[in-house]
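**Student:** need coordinates for the following:
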Amino acid sequence: MHEGLSLLYVGAVLVLNGLWMQGRIEDREIQVINFFAGGLSLAVAGYAAFGPGADADSVRAAALTLLFAFTYLWVAINRRNESSGHGLGYFCLFVALTALPTALLQFADAETLWGWWAAFNWLAWAGLWFGFFLMLCHRPQLQRPMAWVTLLQGVFTAWLPGYLLLSNLL
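**Tutor:** Numbering: from 1, shown residues only. Predicted coordinates for the structure are as follows:
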């Protein structure tokens with residue numbers, strides 16, 4: 001159930017960040033969802049890592065979740081500080097380089113529909129965060145296409161799966 005909760009708001013933050021990147025939401029306003037989604041993901045990861053029943057698998061899941069939680073918090077702080085985003089861009093490269101082998105491991109272990117979904121999502125997220133790296137550090141002209149990719153990934157890799165999990169449909 002925690003995964004559905006986290007994914008629902010990851011979907012929200014990605015969709016809204018996509019709209020923000022298109023210029024439809026102001027810098028100071030986008031901070032709210034980034035702080036909320038980052039904080040929520042941080043809390044879910046903390047519970048998974050340190051709560052009752054924590055084990056090696058839940059700590060691993062928490063560590064991977066924190067990659068994204070930290071990204072959203074960094075976006076919010078950058079908007080508050082009016083930073084260039086270069087540091088965040090290099091962190092996005094770190095996330096992408098971590099997500100890619102995670103996707104490959106998921107593909108190797110996938111036996112269920114959910115397992116295959118997770119593998120494809122990790123691959124999609126690796127690509128998205130690599131795109132953020134390129135956009136923030138080398139190719140600012142990628143902002144418009146990255147806005148659409150962010151919005152679409154928000155819907156299909158997080159919002160819908162999160163909602164389906166919370167509705168016990170997955």
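
**Student:** check contacts around the spatially most central residue of the chain.
**Tutor:** The centroid of the chain falls nearest to residue 68 when counting by C-alpha atoms, centre = their mean (4.3 Å). By C-beta atoms under 8 Å, 6 or more residues apart in numbering, residue 68 lies in contact with 10, 41, 95, 125. (Each C-beta comes from the backbone N, C-alpha and C, glycine too.)

**Student:** surely the first one touches residue 161?
**Tutor:** No - with the criterion set as C-beta atoms under 8 Å, residue 10 and residue 161 do not qualify as a contacting pair; they are 9.6 Å apart.

**Student:** which of those two has more residues huddled nearby?
**Tutor:** residue 10 (26 against 23; other C-beta atoms under 10 Å).

**Student:** show me what stretch 152-163 is in contact with.
**Tutor:** 3-18, 117, 121, 124-125, 128, 170.

**Student:** in it, what's buried?
**Tutor:** Within stretch 152-163, the residues that count as buried by 16 or more other C-beta atoms under 10 Å are 153-154, 157-159, 161-162.

**Student:** distance between it and the chain's centre?
**Tutor:** Centroid displacement of stretch 152-163 relative to its chain, using C-alpha atoms, centre = their mean, to the nearest Å, is 11 Å.

**Student:** great, nothing more from me.
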